[in-house]
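**Q** Sequence plus predicted model, see below.
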Number of protein chains: 2
Amino acid sequence: MSRKPKRIRDAEVTKAQILDAAMEEFAKYGLNGARTENIASGSGVTKAMIYYYFESKETLYQEVLNQLALQLNELGLAKLNLKELHPEIALKTAVYEFINYQATHPKFGRILWHEALQNQGKYYKQIDWNQSYKYLLEILEKGMKQGCFRQLDPFLTAMHINGVCNFYFDAYENIKHLTPNIDLRSPEMIEKHAEAAIDFIMAGVVNKGE
Amino acid sequence: MSRKPKRIRDAEVTKAQILDAAMEEFAKYGLNGARTENIASGSGVTKAMIYYYFESKETLYQEVLNQLALQLNELGLAKLNLKELHPEIALKTAVYEFINYQATHPKFGRILWHEALQNQGKYYKQIDWNQSYKYLLEILEKGMKQGCFRQLDPFLTAMHINGVCNFYFDAYENIKHLTPNIDLRSPEMIEKHAEAAIDFIMAGVVNKGE
DNA sequence: GTCTATAATACGATAGAC
DNA sequence: GTCTATCGTATTATAGAC
């Protein structure tokens, strides 16, 4: 009579594995669509463990969002010290890093889109995302003040820049059908997107009249 | 003994009402998240009617996507005869009309985002969206050939333009929390977005060196 | 063509043994 | 700390009366 081998008991490890699998599942289906059974099997534990470490599926989801915000602030734009650079260089760098982040962390954007669409931003609201967003605003405002950027609405411009960077990745599952012969996820195409996006954005923002 | 008044029997009307309510529900929650009960109550019929007129929730969803593609082709860019205009005017018009379409048909973008995210474009693939997408490509290519647009990758540029137009609307539920004092859905703000988007896109595309 | 009632199942969450 | 077994409910879909 062989039994299922029992798991090594390690709270830290188990909790981290659940969070990882949860991020994967939430990225695919969002809070509502995610299945606790999938999170359990994805992390190699039973469903009951999820409720031992986290109060509910909802709490687990909130924790995933928290982790996301932490990761973004750590790995993201903070360490680049963009404020001290020339606005043009700062903006180019920020856009490049942001696209790179999207390419290497595809779950990030997807979770936030699911959040906006199916939860109407209910949980997004509970988390402070401002740091990363404000960097971009500051760069734009500084560039306008210095005259190297055109006079634009900083908020709308930030949204437009975001759209240029994001759409390629987050609408991928639809637009891949428009170009069946091109692998939009290949490093070469992503690099092309990054270059074209930077070119497009800079042309849209930089003041050529000087 | 009062009874629930029976519905007037009219197949056409009932079917249309179900489709309307379904579009509403799918726009909110996508195929998986949508509840047939909500679609039923939203259209004033019972759940059984959905299965009488449509094979299943899935079939109903496919029909909604079909309707969407039809509406887009009818109301959209086709009637503008953009090919005969100067590329700059054509692009400005296309962007303006597209933003206007998004503003007046918010369900359109939401359904497609849900489709990309939760179904990985499985049903999107079954429908021909090419017309509307190809208009934009043709405008860009014509402008580049004539020299009034810069030499850009037409496909990537089309994606970037799409991102500029869309993000404002489709990420609304998240970004509204970033600007609690501004109503991003007011006609004034949408008009500002449209103007800024056109300005941004034209600056990114038009060849200034001539 | 429309309804009520219900079958069948999937899923979040919990109890309790080990 | 981890497991198995199960409860309770929500939900898609169908059967059958009117």
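**A** Nice, I can see it.

**Q** And the strand or helix carrying A:Ala48, what does it pack against?
**A** Using DSSP states H and E, A:Ala48 sits within helix A:47-53. For helix A:47-53, the packing partners by 3 or more CB pairs under 8 Å, 6 or more residues apart in numbering or on different chains; DSSP states H and E come out as helix A:11-33, helix A:36-43. Yep, even glycine has a C-beta here, placed from its N, CA and C like the rest.

**Q** Which one, of those helices, ends up nearest to B:Ile39?
**A** Proximity to B:Ile39 (CB to CB) singles out helix A:11-33 among the helices and strands packed on helix A:47-53, at 16.3 Å.

**Q** Show me which residues of the closest one are buried.
**A** Neighbour counts over helix A:11-33 (16 or more other CB atoms under 10 Å in any protein chain shown) mark A:14-15, A:17-19, A:21-33 as buried.

**Q** what does stretch A:103-116 give?
**A** A:103, A:105, A:108-116.

**Q** Include distance to chain B and mean pLDDT when you put the helices and strands packed on helix A:47-53 into a markdown table, please.
**A** Formatted as a markdown table, the helices and strands packed on helix A:47-53 follow (distance: least, CB to the nearest CB, whole Å; pLDDT from 0 to 100):
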| stretch | distance to chain B | mean pLDDT |
| --- | --- | --- |
| helix A:11-33 | 5 | 97 |
| helix A:36-43 | 13 | 98 |
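
**Q** looking at these, which is closest to B:Phe98?
**A** helix A:11-33 (26.6 Å).

**Q** Quick one: list the elements packing against the closest one.
**A** With contacts defined as 3+ CB pairs under 8 Å, 6+ apart, the packing partners of helix A:11-33 are helix A:36-43, helix A:47-53, helix A:57-75, helix A:106-119, helix B:11-33, helix B:106-118.

**Q** what's the burial count for A:Lys83?
**A** 11 (other CB atoms under 10 Å in any protein chain shown).

**Q** List the contacts of A:His114.
**A** A:26-27, A:29-31, A:33, B:117-118 (CB atoms under 8 Å, 6 or more residues apart in numbering or on different chains).

**Q** ok, 6 Å please
**A** For A:His114, the residues meeting the contact criterion (CB atoms under 6 Å, 6 or more residues apart in numbering or on different chains) are A:30, B:117.

**Q** Quick check: pLDDT value at it.
**A** For A:His114, the pLDDT comes out at 98.

**Q** separation between it and A:Gln17?
**A** 22 Å (CB to CB, to the nearest Å).

**Q** Give me the distance between the residue nearest the centre of chain A and B:Gln146.
**A** For chain A, the residue nearest the mean C-alpha position is A:Phe108 (3.0 Å; CA atoms, centre = their mean). Distance, A:Phe108 to B:Gln146, by CB to CB: 40 Å.

**Q** what's the answer for A:Val13, then?
**A** Taking CB to CB, one finds A:Val13 at 62 Å from B:Gln146.

**Q** Quick check: closest non-adjacent residue to A:Ala27.
**A** Using CB to CB, 6 or more residues apart in numbering or on different chains and skipping the chain neighbours, the partner closest in space to A:Ala27 is A:Lys107 (3.7 Å).

**Q** quick one: that neighbour from DNA strand C, how far?
**A** Between A:Lys107 and DNA strand C the computed distance is 18 Å (CB to the nearest atom of the strand, to the nearest Å).

**Q** Hmm, that residue is touching A:Glu25, no?
**A** No: A:Lys107 lies out of contact with A:Glu25 (CB atoms under 6 Å); the separation is 9.9 Å.

**Q** Which one, of the helices and strands packed on helix A:11-33, ends up nearest to DNA strand D?
**A** helix A:47-53 (3.2 Å; CB to the nearest atom of the strand).

**Q** so for the closest one, what's the average pLDDT?
**A** Here helix A:47-53 scores 98 as its mean pLDDT.

**Q** is that helix up against DNA strand C anywhere?
**A** Yes: legend: contact between helix A:47-53 and DNA strand C by CB under 7 Å from any atom of the strand is shown at A:47-48, A:51.

**Q** Quick one: low-confidence residue ranges for chain A.
**A** For chain A, applying pLDDT under 70 flags the ranges A:1-6, A:75-79, A:210.

**Q** near DNA strand C, which residues of it show up?
**A** Residues of chain A lying near DNA strand C (CB under 7 Å from any atom of the strand): A:34-37, A:47-48, A:51, A:56-58.

**Q** Next, A:Trp129: phi, psi?
**A** phi -100, psi 0 (degrees, to the nearest 10).

**Q** Could you check how far it is from A:Glu24?
**A** 21 Å.

**Q** repeat for A:Leu137
**A** A:Leu137 is 32 Å from A:Glu24, by CB to CB.

**Q** likewise A:Asn207?
**A** 44 Å.

**Q** Ok, A:Ile50 next?
**A** Distance from A:Ile50 to A:Glu24, by CB to CB: 14 Å.

**Q** cool, and A:Ala158?
**A** Going from A:Ala158 to A:Glu24 by CB to CB gives 29 Å.

**Q** just to revisit the earlier point, and the helices and strands packed on helix A:11-33: which comes nearest A:Pro180?
**A** Closest among the helices and strands packed on helix A:11-33, using CB to CB: helix B:106-118, at 16.0 Å.

**Q** how far out from the middle of the chain is the closest one?
**A** 8 Å (CA atoms, centre = their mean, to the nearest Å).

**Q** so what does whatever helix or strand comes next after it touch, helix or strand wise?
**A** Using DSSP H and E, the next helix or strand after helix B:106-118 towards the C-terminus is helix B:130-146. For helix B:130-146, the packing partners by 3 or more CB pairs under 6 Å, 6 or more residues apart in numbering or on different chains; DSSP states H and E come out as helix B:87-104, helix B:154-170.

**Q** rerun that using 10 Å as the cut-off
**A** On a contact count with 3 or more CB pairs under 10 Å, 6 or more residues apart in numbering or on different chains; DSSP states H and E, helix B:130-146 meets helix B:57-75, helix B:87-104, helix B:154-170, helix B:187-205.

**Q** Could you pull out the buried residues of it?
**A** B:132-133, B:135-136, B:139-140, B:142-144.

**Q** Please work out the angle formed by the directions of that helix and helix B:154-170.
**A** Counting by axes from the mean of the first three to the mean of the last three CA atoms, to 10 degrees, helix B:130-146 lies at 130 degrees to helix B:154-170.
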